[in-house]
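J.: Compute the structure for the input listed below.
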Amino acid sequence: MNRSVSLALWIGTLTGVGLCAAAAVAHALGLEVAGHLARLGVLALFVTPPLRLAVTANGFWSRGDRRHALAATAVLVALLAAAVRASLR
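T.: Purely as a prediction, here's the structure:
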């Protein structure tokens, strides 16, 4: 499970940073796509923590550790609820 969580973090982080770097290059070249790339990069970085929690909950559930799976799911739900609430303000 640690490998899966680590892989999810690496994928999310490298995707976000890569898209933000591409946005910087596109901006330097005067391309209109720069803003879209930047938004996608930031979105990838914001999605990484919930992805990690989902992978963790799934890993615990697969191992039969229901209590920890439910705890990770509860934290994921709270995080998503806070994100929705913040976006509606």
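J.: When you work out contacts or count neighbours from here on, use the C-alpha atoms and nothing else.
T.: Will do.
J.: which parts of the top helix by length along the chain are buried?
T.: Using DSSP state H, we find that the single longest helix of the chain is helix 34-63. Neighbour counts using 16 or more other Cα atoms under 10 Å place 34, 37-38, 40-42, 44-45, 47-61 of helix 34-63 among the buried residues.
J.: Likewise for stretch 67-78?
T.: So, applying 16+ other Cα under 10 Å, buried residues of stretch 67-78: 68-69, 72-73, 75-76.
J.: give the contact list for the most centrally placed residue in the chain.
T.: The centre of the chain sits closest to residue 48, judged by Cα atoms, centre = their mean, with a distance of 1.6 Å. Going by Cα atoms under 8 Å, 6 or more residues apart in numbering, residue 48 touches 8-9, 12-13.
J.: For the residues you listed, which entry has the maximal number of neighbours?
T.: For those, the largest number of neighbours (other Cα atoms under 10 Å) sits with residue 12, at 22 neighbours.
J.: quick one on the thing from earlier: going by distance to residue 17, which of the buried residues of stretch 67-78 wins?
T.: Comparing the buried residues of stretch 67-78 against residue 17 with Cα to Cα places residue 76 closest, at 23.0 Å.
J.: Pull the contacting residues for the closest one.
T.: 50, 53-54.
J.: do that again at 6 Å, thanks
T.: residue 53 (Cα atoms under 6 Å, 6 or more residues apart in numbering).
J.: Now name the helix or strand holding it.
T.: Element membership of residue 76 [criterion: DSSP states H and E] is helix 66-88.
J.: and the angle from that helix to helix 34-63?
T.: 160 degrees (axes from the mean of the first three to the mean of the last three Cα atoms, to 10 degrees).
J.: Could you check how far the strand or helix carrying residue 5 is from the centre of its chain?
T.: Per DSSP H and E, residue 5 falls inside helix 2-28. Here helix 2-28 is found 10 Å from its chain centre; the criterion is Cα atoms, centre = their mean, to the nearest Å.
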